[in-house]
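In: here are the coordinates; sequence isn't available:
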């Protein structure tokens, strides 16, 4: 708790009821501000108590609908104050009777015990009461998580009660645990209210914020609380009206629905894991930037096997690899020995690749990426097999919340002109009018997406086919920046460019170029996806991740992609649910929209600073000469 003095008043600040994914050092989603008292102090009124006493809930049906919706989401996704713990095993109570009663222990010296009128009771007395009042039930005691991780002491000597009740010492998700009980005994724990949410009876040996309103069996009284309320009304006052929400991944004010859905989205990325992992095929320069994307693992447990040794299973085994490890592999490269070992030992392989909103500067210039895709099914640019992205797009029911997020994301991308690499340019574009204009996008010809997704088609053959099928159009050719820089293969001769196109534009921002043409024709380039965001017609000559969903005219087919998607659904799956993003400023996970803001800031600095441009140019010059050497290490 912290205090801020405002005039003659003190405003008390405290964590909200849905605080974070991890414990106290994790990014916070919510706080409460109270200039009357504080919610856990029942000795005096508080802003929350006044809301519960006076607010006219019947006049605000939208509030109650939101409350019901949030409660249902909490039960569905098992959301609590902290959300780092696993769900309790389904068979944990397999030998228990049908009647189970849970007693919730707290920490010694908790202020909510002192100010919540619970000081007159000790947990031993509560255990005795639970045993007496529930003679045909099994009695369990849940130890507080801060006691389990050694941060605090318990309010009870646990060893002294092992003969009275069964001890739950596992640190598990509270909602998943409460669903197994019919009745709960608490002092002032928030878990008592979560018990009400899941439908348990709750006995209170104290006066927490949710007691005194006719919902709980109260062993102490608070004369100020005389009103009878429903669970939805108490929830609406405390979790919605009283608490304030902020989304640390978007860096914007939020609400309870967004908070729950954001926790669900990021929980698996943020949960700490003791597992050890091996990473194969990551060049030496990639080692430093991968760690922030794998922050759930201890850095000591991350083992790299560099590309020159990446197929050497014996080396990995000598370094400690066994069936308890997870495996990450860069790109679509195949490592038969590793894959056989993984298959034989039931080890999951996750493939890693650059995301779709990547950086300022080229990957071939060793520029750090701020988004990566992690795919434990396949990889998004390989249509010869399923991928996690394909599964997301095939099966996800995109709700209003994520569709709205996708709408805002498209606006941010189009308005900012941000694309994958975002090289700064200042070249104006003049495309002849009066005819259909087509942008033909060159690619890196030895790229895996061309080999796997376009039958190893070449840039020249693409240009030829577009010209043959669109003889009257103005054709604009844009070679890939990695090819122009000399880093990768795919050059088309000047004579062939002159023969099959009307314009060749190199130093032009791709977003600006897309805005000037009518259509984009590509093999598998991400530019085709960006063109869809700008409302342009797109023709694909391969099968990129955005092809086959009814939004593009495709020369090839993929039978697995039978669903028709809207553009917003495609964006929700491909840009929101599939990749992971890192905030360049903080190093924390972030939302795609925040990364767009950060990249725009970097690009603006690049455009306005000669030193920044010089540094980037020097970095590119040096990296082009070192990358082939570094790629072997």
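Out: Cool, got the structure. It should be emphasised that the depicted structure is a prediction, and the values quoted were computed from it without experimental measurement.
In: hey, let's count contacts and neighbours off CA atoms from now on
Out: OK.
In: could you say which helix or strand contains the spatially most central residue of the chain?
Out: Centroid-nearest residue in the chain: residue 266, 3.3 Å away (criterion: Cα atoms, centre = their mean). Using DSSP states H and E, residue 266 falls within helix 256-270.
In: can you tell me the average pLDDT over that helix?
Out: The pLDDT scores in helix 256-270 average 95.
In: and it, what does it pack onto?
Out: helix 61-77, strand 243-247 (3 or more Cα pairs under 8 Å, 6 or more residues apart in numbering; DSSP states H and E).
In: ok, 7 Å please
Out: The contact analysis (3 or more Cα pairs under 7 Å, 6 or more residues apart in numbering; DSSP states H and E) places helix 256-270 against no helix or strand.
In: flag every buried residue along it.
Out: Within helix 256-270, the residues that qualify as buried are 256-264, 266-267, 269-270, counting by 16 or more other Cα atoms under 10 Å.
In: need these in TSV with distance to residue 373, can you?
Out: Shown next, in TSV, are the buried residues of helix 256-270 (distance: Cα to Cα, whole Å):
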residue	distance to residue 373
256	28
257	26
258	23
259	23
260	23
261	20
262	18
263	19
264	18
266	14
267	16
269	12
270	16
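In: nearest to residue 163 among the residues you listed?
Out: residue 267 (36.9 Å; Cα to Cα).
In: apart from its chain neighbours, what residue comes closest to that closest one?
Out: residue 21 (6.2 Å; Cα to Cα, 6 or more residues apart in numbering).
In: for the one you found, which residues are in contact?
Out: 82, 83, 84, 263, 267 (Cα atoms under 7 Å, 6 or more residues apart in numbering).
In: once you drop chain neighbours, what's closest to the second one?
Out: Here the nearest residue to residue 83 in space, its sequence neighbours aside, is residue 21; by Cα to Cα, 6+ apart that works out to 4.3 Å.
In: go on, the fourth one?
Out: When the adjacent residues along the chain are set aside, residue 263 lies closest to residue 21, with 6.5 Å between them (Cα to Cα, 6+ apart).
In: which pLDDT does the model give that neighbour?
Out: Reading off the model, residue 21 has pLDDT 94.
In: from residue 74, how far out is it?
Out: Going from residue 21 to residue 74 by Cα to Cα, to the nearest Å gives 14 Å.
In: ditto for residue 306
Out: 43 Å.
In: what angle separates the helix holding residue 266 from strand 243-247?
Out: Counting by axes from the mean of the first three to the mean of the last three Cα atoms, to 10 degrees, helix 256-270 lies at 50 degrees to strand 243-247.
In: which SSE is immediately downstream of helix 256-270?
Out: Helix 256-270 is succeeded, C-terminally, by strand 277-280 (DSSP H and E).
In: in the very next helix or strand once past that next one, what's buried?
Out: Sequence order places helix 287-290 as the next helix or strand after strand 277-280, per DSSP H and E. Along helix 287-290, these residues count as buried under the neighbour rule (16+ other Cα under 10 Å): residue 290.
In: what packs against helix 287-290?
Out: Checking 3+ Cα pairs under 7 Å, 6+ apart, helix 287-290 ends up next to no helix or strand.
In: quick check: mean pLDDT across that helix?
Out: 88.
In: now do the helix holding residue 266: everything it contacts.
Out: 21, 29, 70, 77, 240, 245, 247, 295, 296.
In: list the buried residues of stretch 462-478.
Out: In stretch 462-478, counting by 16+ other Cα under 10 Å, buried: 462, 463, 464, 466, 467, 473, 474, 475, 476, 477, 478.
In: now those as CSV including distance to residue 220, secondary structure and pLDDT?
Out: Below are those laid out as CSV (distance: Cα to Cα, whole Å; DSSP: H, G, I helix; E, B strand; the rest coil; pLDDT from 0 to 100):
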residue, distance to residue 220, secondary structure, pLDDT
462, 79, helix, 97
463, 81, helix, 97
464, 84, helix, 97
466, 81, helix, 97
467, 84, helix, 97
473, 83, coil, 96
474, 82, strand, 96
475, 81, strand, 96
476, 79, strand, 96
477, 78, strand, 95
478, 76, strand, 93
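In: which one of the residues you listed is nearest to residue 523?
Out: residue 462 (7.5 Å).
In: for residue 261, see how far away that closest one is.
Out: For residue 462 relative to residue 261 (Cα to Cα), the value is 43 Å.
In: could you do residue 320 as well?
Out: In terms of Cα to Cα, residue 320 sits 38 Å off from residue 261.
In: residues contacting residue 147?
Out: Residue 147 neighbours (Cα under 7 Å, 6+ apart): 107, 153, 154.
In: how about a cut-off of 10 Å?
Out: 105, 106, 107, 108, 153, 154, 155, 169, 171 (Cα atoms under 10 Å, 6 or more residues apart in numbering).
In: quick one: which of those residues is nearest to residue 566?
Out: residue 171 (42.0 Å).
In: okay, now the domains of this protein?
Out: For the chain, automatic domain parsing gives the domain ranges 2-78+244-264, 100-225, 269-394, 395-614.
In: let's have those in JSON lines, adding distance to residue 90.
Out: Listed next are the domains of the chain as JSON lines, based on distance: least, Cα to Cα, whole Å:
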{"stretch": "domain 2-78+244-264", "distance to residue 90": "14"}
{"stretch": "domain 100-225", "distance to residue 90": "9"}
{"stretch": "domain 269-394", "distance to residue 90": "20"}
{"stretch": "domain 395-614", "distance to residue 90": "26"}
